[in-house]
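>>> the following block contains a protein sequence and its predicted model.
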Amino acid sequence: AHLNVVINPCYFDDEFEGVVMLEAVARNYMPAPPSHPWPEMRSDHNTSMLTFYGLGQMYVLHISAWERHRKINNRHSNVHASLPENIVIPKKTEFVCDLTYLEKYNVVDGFEKYGSCAFFNTEKRLIAIYCSGTQEVVYNEMGTESGNLENVDQTKRPRGRQSVQKAVQESVKWQHAKYGFRSTMITSVTLREHLMFCHWIVAGRAHIATREELGKDHPIRRVLQSFLFRTGAINYVSEVTLMRENMLLHRASAFDYPALTKAFEDVADSFKYETFPEHVAEKNLPDDCKIPYVVDGLRLWEVMHDFFKGYVDLYFPITADVETDLDLIGYWKSMEKATKYGMGLPELNKKNLINQLTHIAFWVCGMHEMGGNVLEYFESPAFCGTRIRPKQVINDVQTFFQDLCVAGITGYYLPPLVSDWSHLFLKDDKNEAAVKLHGNFMGELDKLSMEIEDRNDNIAADSANEQGWCKRPFEAFNPQNLECSVSI
């Protein structure tokens, strides 16, 4: 059951009042404000920017990839393609962001079901949104960015009282569809990529496998130690404070508790081990569709992969050294116990071990920052929320402050990735070479950070002169922002 469900919620007088309340009441208890805050999220433009330069990058697919996975309908897949078969796909659709997998989970009275699917054209412009709560595809009938009738071209301006009333209703429906899409996205990321995938499957299982199967002086346990720092303690706290009935995640969401636990189970079952390059390939994005999640993510993966390759080469010169190491054999088997369907690891060999170590580091550092540092999306009650009320386009007061609580406790920092943790390496004849590898690793991370910051500075400086679809600064894979392991 949900405690104290607010049937008739209280709303802010306007968006500005909610922002003022955040600054006056909550700001001192929150992590640092985002370096590139969103000016607003109501417009079609920024809903598209959210998809192609924000959280939605994890989910967006080229329509060819989406249609392929929709036909397969494989639950054991990290790709979303679950829109009901009877829905007609809007014309000129080139990209799809499908989050309708959440529509099958019950919500308590007074709220609308989660689930949305957004369609974009070749220019990444938002065309339409399917809303699971109302089971309809909604279009911007007025063809205006904000949905405000004052911005409508004179030739499209409605005439007569009934026409105006209908236009206003369509405008509100369109705004609600966008708000539901953003709110479904933030709920999915929190439930799936952040908590289940990052904390409880990737980091949690690696923490257990290394402690149970690798000796304290095993070189692989030593190199993973910084990436698994405090993982056990943090995951225990997250289970106690977030996952249990009537605790923070349950209260901040609209799910009834059986639905929430079922969603967790299904999300865990859907996990599939894959390298980041394989994840990118699944999207089948055109070569001319560059999004920073892909560009920066591939570079971060490359830098991490080079480090782990050098380290594994140091201690395991040939693949037979890996394949016959009894501790590593036990570690590999233990990792497969991550879910009841297994993790999906390939056979144990040197190449696959390097990829798997890179996978752990990439998830606990990069993907955790991507899915866990979401304060920028809660800077206003009109941005998005973890609950959706019918016909509303802004959070109620209770939902806004519950979301701020979740964002606040999940945004505090652990030791940074870019730091000296070479003291964790074994004090053996390979220590000097390992320390040198660490130094090179830090240098490459610094280089990547400068590349990202230079690009972001240029985007910020040129944004006032850009016409149409200018790129948005993206910081999630900037090594200077990454922590060495998962924080709550």
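That came through, no problem.
>>> pull the helix or strand with minimum mean pLDDT from the chain.
In the chain, the helix or strand scored least confidently by mean pLDDT, DSSP states H and E is helix 161-188, which has a mean of 80.
>>> residue closest to the middle of this structure?
Gly371 (3.4 Å; CA atoms, centre = their mean).
>>> might you report the residue contacts of that one?
55, 58, 189-190, 193-194, 197-198 (CB atoms under 8 Å, 6 or more residues apart in numbering). Placement of C-beta: from N, CA and C, glycine included.
>>> ok, then the element right after the helix or strand harbouring it?
Using DSSP states H and E, the element containing Gly371 is helix 368-372. Downstream of helix 368-372, the next assigned helix or strand under DSSP H and E is helix 397-409.
>>> that following helix packs against which elements?
On a contact count with 3 or more CB pairs under 8 Å, 6 or more residues apart in numbering; DSSP states H and E, helix 397-409 meets helix 15-21, helix 248-252.
>>> which helix or strand contains Asp446?
Here Asp446 is assigned to helix 431-462, by DSSP H and E.
>>> okay, now the unreliable bits of the stretch 1-150 of the chain?
1-7, 73-80, 141-150 (pLDDT under 70).
>>> the stretch 1-150 of the chain: helices as residue ranges?
All helices of the stretch 1-150 of the chain, identified by DSSP state H, counting those that start in this stretch, fall at 15-21, 44-53, 63-72.
>>> now do the strands in the protein.
61-62, 95-98, 116-120, 126-131, 136-139 (DSSP state E).
>>> which strands or helices does the shortest one pack on?
The reference is to strand 61-62. Using 3+ CB pairs under 8 Å, 6+ apart, strand 61-62 is in contact with strand 95-98, helix 276-283.
>>> closest one to Tyr293 among the helices and strands packed on helix 397-409?
Nearest of those to Tyr293, taken as CB to CB: helix 248-252 at 25.0 Å.
>>> can you dump the C-alpha coordinates of that closest one into PDB?
Provided in PDB are the C-alpha atoms of helix 248-252 (Å, rounded to 0.1, in the frame of the first residue of the first chain):
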ATOM      1  CA  LEU A 248      11.800   6.500  -0.600                       C
ATOM      2  CA  LEU A 249      11.600   5.000  -4.100                       C
ATOM      3  CA  HIS A 250       8.200   3.500  -3.600                       C
ATOM      4  CA  ARG A 251       6.800   6.700  -2.100                       C
ATOM      5  CA  ALA A 252       8.300   8.900  -4.800                       C
END
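>>> which of the helices and strands packed on helix 397-409 is buried the deepest?
helix 248-252 (a mean of 20; mean count of other CB atoms under 10 Å).
>>> and the contacts of that helix?
So helix 248-252 is contacted by 2-3, 190, 195, 241-244, 257, 260, 386-387, 399, 402-403, 405-406, 409 (CB under 8 Å, 6+ apart).
>>> do that again at 10 Å, thanks
Contact with helix 248-252 is made by 1-5, 187, 190-191, 195, 238, 241-245, 255-257, 260-261, 264, 385-387, 398-399, 401-407, 409-410, as judged by CB atoms under 10 Å, 6 or more residues apart in numbering.
>>> related to what we said a few turns ago, so which of the helices of the stretch 1-150 of the chain is nearest Val108?
Using CB to CB, the nearest of the helices of the stretch 1-150 of the chain to Val108 is helix 15-21, at 23.0 Å.
>>> so which elements touch that closest one?
The elements that helix 15-21 packs onto, with contact taken as 3 or more CB pairs under 10 Å, 6 or more residues apart in numbering; DSSP states H and E, are helix 397-409.
>>> please export the C-alpha coordinates of the helix it packs on as PDB.
Provided in PDB are the C-alpha atoms of helix 397-409 (Å, rounded to 0.1, in the frame of the first residue of the first chain):
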ATOM      1  CA  VAL A 397       4.400  19.900  -4.500                       C
ATOM      2  CA  GLN A 398       4.700  16.500  -2.800                       C
ATOM      3  CA  THR A 399       6.200  14.800  -5.900                       C
ATOM      4  CA  PHE A 400       8.600  17.600  -6.500                       C
ATOM      5  CA  PHE A 401      10.100  17.500  -3.000                       C
ATOM      6  CA  GLN A 402      10.200  13.700  -3.000                       C
ATOM      7  CA  ASP A 403      12.100  13.800  -6.200                       C
ATOM      8  CA  LEU A 404      14.500  16.300  -4.800                       C
ATOM      9  CA  CYS A 405      15.100  14.000  -1.900                       C
ATOM     10  CA  VAL A 406      15.900  11.100  -4.200                       C
ATOM     11  CA  ALA A 407      18.200  13.300  -6.400                       C
ATOM     12  CA  GLY A 408      19.900  14.700  -3.300                       C
ATOM     13  CA  ILE A 409      20.800  11.500  -1.600                       C
END
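>>> so who does His207 touch?
With CB under 10 Å, 6+ apart, His207 has these contacts: 224, 227-235, 360, 364, 485-486.
>>> do that again at 8 Å, thanks
His207 touches 228, 231-232, 235, counting by CB under 8 Å, 6+ apart.
>>> repeat that for Cys365.
Residues near Cys365 by CB under 8 Å, 6+ apart: 227, 304, 417, 482-485.
>>> are any of the residues you listed buried, and which?
For those, a burial check counting by 16 or more other CB atoms under 10 Å picks out 227, 304, 417, 482-485.
>>> just those residues now: which is nearest Met442?
Comparing the buried ones among the contacts of Cys365 against Met442 with CB to CB places Leu417 closest, at 8.9 Å.
>>> so who does the nearest residue to Gly310 once chain neighbours are set aside touch?
Counting by CB to CB, 6 or more residues apart in numbering, Gly310 lies nearest to Leu437, which is 4.7 Å off, once chain neighbours are set aside. By CB under 8 Å, 6+ apart, Leu437 lies in contact with 307, 310-311, 314.
>>> mind checking which of those are in helices?
307, 310-311, 314 (DSSP state H).
>>> now the buried members of those residues.
Of the ones in helices among the contacts of Leu437, these count as buried by 16+ other CB under 10 Å: 307, 310-311, 314.
>>> I'd like those residues as a markdown table, with distance to Trp38 appended.
Below are those laid out as a markdown table (distance: CB to CB, whole Å):
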| residue | distance to Trp38 |
| --- | --- |
| Phe307 | 34 |
| Gly310 | 39 |
| Tyr311 | 39 |
| Leu314 | 45 |
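>>> closest one of the residues you listed to Ser334?
Using CB to CB, these come closest to Ser334 at Tyr311, 20.5 Å.
>>> thought Asp325 was touching Phe316?
Yes: between Asp325 and Phe316 there is a contact at 7.4 Å, judged by CB atoms under 8 Å.
>>> name the nearest residue to Asn349, ignoring sequence neighbours.
Closest to Asn349 by CB to CB, 6+ apart is Thr319, at 5.0 Å.
>>> report how many residues lie close to the one you found.
Thr319 sits with 15 neighbouring residues when counted by other CB atoms under 10 Å.
>>> again, but for the one 5 residues further on
Residues within reach of Thr324, counting by other CB under 10 Å, total 11.
>>> so for it, what's the pLDDT?
For Thr324, the pLDDT comes out at 97.
>>> with adjacent residues omitted, what lies nearest to Glu193?
Excluding the flanking residues, the one nearest Glu193 by CB to CB, 6+ apart is Gly371, at 3.9 Å.
>>> who's in contact with Met335?
205-206, 209, 343, 345, 356.
>>> quick revisit: for the helix holding Asp446, what is the distance to the chain centroid?
How far helix 431-462 lies from its chain's middle: 23 Å, per CA atoms, centre = their mean, to the nearest Å.
>>> what's the answer for stretch 275-282, then?
For stretch 275-282, the distance to the chain centre is 15 Å (CA atoms, centre = their mean).
>>> since that was my last question, I'll sign off now.
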